[in-house]
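In: My questions concern the predicted model and sequence given below.
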Amino acid sequence: MPNYEYLSRIHGPEDLKKLSFSELDLLCAELRARLIEVISQNGGHLASNLGVVELTVAMHKVFDCPKDQFVWDVGHQCYTHKILTHRNERFDTIRKEGGISGFPKRCESDCDSFIAGHSSTSIAVATGLAKANTLKGNDDYVLAVIGDGAMTGGLAYEGLNNAARGNDRIIVILNDNEMSISKNVGALARYLSTIRSNPKYFRAKDRVERGLKAIPVVGTPLRDAVFHSKEALKRALYKTTLFEYFGFTYLGPVNGHNIKNLCEVLQRAKDLARPVLIHVETKKGKGYLFAEKNPGAYHGVSKFDVSTGNPDAAPSMNFSSAFGESLTRLADKDERICAITAAMKYGTGLHKFAAKFPSRFFDVGIAEGYALTFAGGLAAGGMIPVFAVYSSFLQRGFDQILHDLSIERQHVVIGVDRAGVVGDDGETHQGLFDISFLTPIPHMEIYSPYSYQELDFILRHCVAECDGPCAIRYPRGREQVVPELTPQSYEEYTLFAPGAKALVVSYGRLFKDVWYAVEEIRQTKPVAVMKLQKIFPLSDECLQIMGKYEQVIFIEETMEAGCIGEHAAARLQEMRCKTRCHIKAIRDFVPQATVAQALAALGLDRASIKEYIIQRLSD
Ligand SMILES: Cc1ncc(C[n+]2csc(CCOP(=O)(O)OP(=O)(O)O)c2C)c(N)n1
Ligand SMILES: CC(=O)[C@@H](O)[C@H](O)COP(=O)(O)O
Ligand SMILES: [Mg+2]
């Protein structure tokens, strides 16, 4: 158990204001020990949090939270902030069922000023909060902390474009560690590296600016003359950054691990009392050697051994790696196949494709909307683009799918990863809406393989035979198969039961539990069971089968509104079938827990599914 001499004295941010800079350095060492102690047990976003310890401490030293509001972009790096704002005692519950969240949550603390989880929102949020302050006549500050990765998302630029239009007290802190989850990409990353490699050129600016301000200007002609020579002098002495064109005062680059420097620059920004952007350089993984050396691998971790850095569970095949491998095999045979990721090369299993076909692999940064429209362009140009993306992040691209892909039927394959319940990231990351928002789009085809073999089969079908946008959804983690069942079609599979009046329908990860629940019920009562592979639109044959039963019971790991059962019920009614449809699906946001705990809480574990079917059978 590490010794927490300083941390044990910190209950709220006011306590750290009493510490000297050298004591704050010691506090930072303890904060790192605390982060490693808890994250090695609970899992979480290790490297990003280790990188912002000094920055977070300095922000709390100079500003008064919650009066001054901190907005964390993505929010995955807010752990030190949580520890410093009355949550150290509960910190060991982070990301656990019923525990504190790994992201900012307003319901958890008044020091968390806005929810996060999805990237690139912080500047927009901060502009809103700062404008509200101005309108209410209060002079508090709003600080947005945004990473260089999050800065690759378009919404960040919409924020910058609006943030400095007035004199609201907004401070954007650009936390530049040269990393998104993997190496950061694109022109902005290159631009930031130019600034980093010429620090004096840029850092001198604020000093020169202040010196020039001190020159007295009297009378209009003289003022004009001095103004123009000041501008010329400025241009000669230093370079204007992109951020100044947006209207910010630019301060930096500043060493993000030197508390004294950080406090000075934060104080300077505070004194300016106008929109300021501070460029902070940090090291992702700082203070834990394994994470410093390989920050990408330690971005998000599961339980690990602190002394070796090794995860408790050995990595094994999962749906993402199966998807990446199948796609790489297909791309070997067809040079038109391209793979796209929005900053999730490893998470979506596309790294092998990237290594083998670098010219056909595109990491576009955290830009899901762009990825889809770019894919549309590739498709119109004769390529076969495959975009692998987490279900929850695909929410960002609804209009791009509708407008750019669907109307003119561009052949784009979307690999919808992390579909269904994801576990300890919680509400913001659950993949529960893709079916609801994809099904209203005309001609959209949606598949849901339950095994790697089916995934391979369906991917081949989508790449070779579909002619418009199509989606293949699969969950986080490993396949759950019924060994005695090996369907070889991308349509449905039905196990009939002589005399059965009810049919149970499911697909994807839940199917295994549904199958065994039905098997138990079949000991005493005949029940048929259907597994869908192509879940939307349902084929006429499939609907014909459903229409023959008195009851059809749908068990689905998705939101109830817009789920497959709802669509099937409407079609069966149209067909004038007397079939009664029952739907067991999800009605609300799903909080953090393990996948098994969350499914049980939702009534979607095997025992609850069995109970639900039995109840419906007696309706
Ligand atoms: C819309 C969206 N897409 C993808 C992600 C996944 N994601 C989470 S953090 C991250 C990288 C963020 O990099 P950066 O902002 O530089 O933060 P760092 O971890 O380097 O501190 C990504 C891609 C997300 N949270 N939201
Ligand atoms: C913060 C964020 O959005 C990602 O880091 C996400 O937590 C990754 O999730 P997986 O662990 O499922 O890849
Ligand atoms: Mg970064």
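Out: Received it, and whenever you're ready, just let me know what you need. Please read all numbers here as calculations on a predicted model, not as lab measurements. Residues are numbered from 1 along each chain as shown. Ligands and ions are numbered 1, 2, ... in the order given.
In: Leaving out sequence neighbours, find the closest residue to residue 319.
Out: residue 474 (4.1 Å; C-beta to C-beta, 6 or more residues apart in numbering). Every C-beta, even on glycine, is put in place using the N, C-alpha and C of the backbone.
In: ok, the one you found to residue 418 distance?
Out: Using C-beta to C-beta, to the nearest Å, residue 474 is found at 9 Å from residue 418.
In: And these two? Which one has more around it.
Out: residue 474 (31 against 28; other C-beta atoms under 10 Å).
In: Now do the contacts for that one.
Out: Listed by C-beta atoms under 8 Å, 6 or more residues apart in numbering, the contact set of residue 474 reads 319, 323, 415, 416, 417, 419, 448, 449, 455, 508.
In: Now rank these by neighbours and give me the top one.
Out: Note: the member of the contacts of residue 474 with the most neighbours is residue 448, at 32 neighbours, neighbours being other C-beta under 10 Å.
In: can I assume that residue is in contact with residue 420?
Out: No. Assessed by C-beta atoms under 8 Å, residue 448 is found out of contact with residue 420, at 9.4 Å.
In: Between the contacts of residue 474, which sits nearest ligand 2?
Out: Sorting these by distance to ligand 2 puts residue 417 at the head of the list, at 8.3 Å, by C-beta to the nearest ligand atom.
In: OK, contacts around the closest one?
Out: Residues near residue 417 by C-beta under 8 Å, 6+ apart: 319-320, 323, 344, 347-349, 388-391, 431, 474, 476.
In: do the same with residue 358
Out: With C-beta under 8 Å, 6+ apart as the criterion, no residue contacts residue 358.
In: Residue 140 now?
Out: Applying C-beta under 8 Å, 6+ apart, the residues near residue 140 are 67, 68, 69, 133, 169.
In: sorry, back to before: strands - which of the contacts of residue 474 land there?
Out: Residues from the contacts of residue 474 lying in strands, with DSSP state E as the criterion: 415, 416, 417.
In: what bridges to the first one?
Out: Put plainly, it is residue 415. Beta bridges link residue 415 to residue 388, residue 472, judged by DSSP bridges.
In: Verify the contact between it and residue 386 for me.
Out: Yes. Applying C-beta under 8 Å, one finds residue 415 in contact with residue 386, separated by 6.3 Å.
In: who touches both of these two?
Out: With C-beta under 8 Å, 6+ apart as the test, residue 415 and residue 386 both reach 327, 459.
In: so which of the contacts of residue 417 are also by ligand 1?
Out: Among the contacts of residue 417, the residues lying close to ligand 1 (C-beta under 6 Å from any ligand atom) are residue 344.
In: and which of the contacts of residue 417 is nearest ligand 2?
Out: Using C-beta to the nearest ligand atom, residue 347 is the member of these that lies nearest ligand 2, at 3.9 Å.
In: burial measure for the closest residue to that closest one other than its chain neighbours, as a count.
Out: Nearest non-adjacent residue to residue 347, counting by C-beta to C-beta, 6+ apart: residue 320, 6.5 Å away. Look at residue 320: counted by other C-beta under 10 Å, it has 24 neighbours.
In: sorry, back to before: just curious, which of the contacts of residue 140 is nearest to residue 602?
Out: The nearest member of the contacts of residue 140 to residue 602, counting by C-beta to C-beta, is residue 69 at 33.9 Å.
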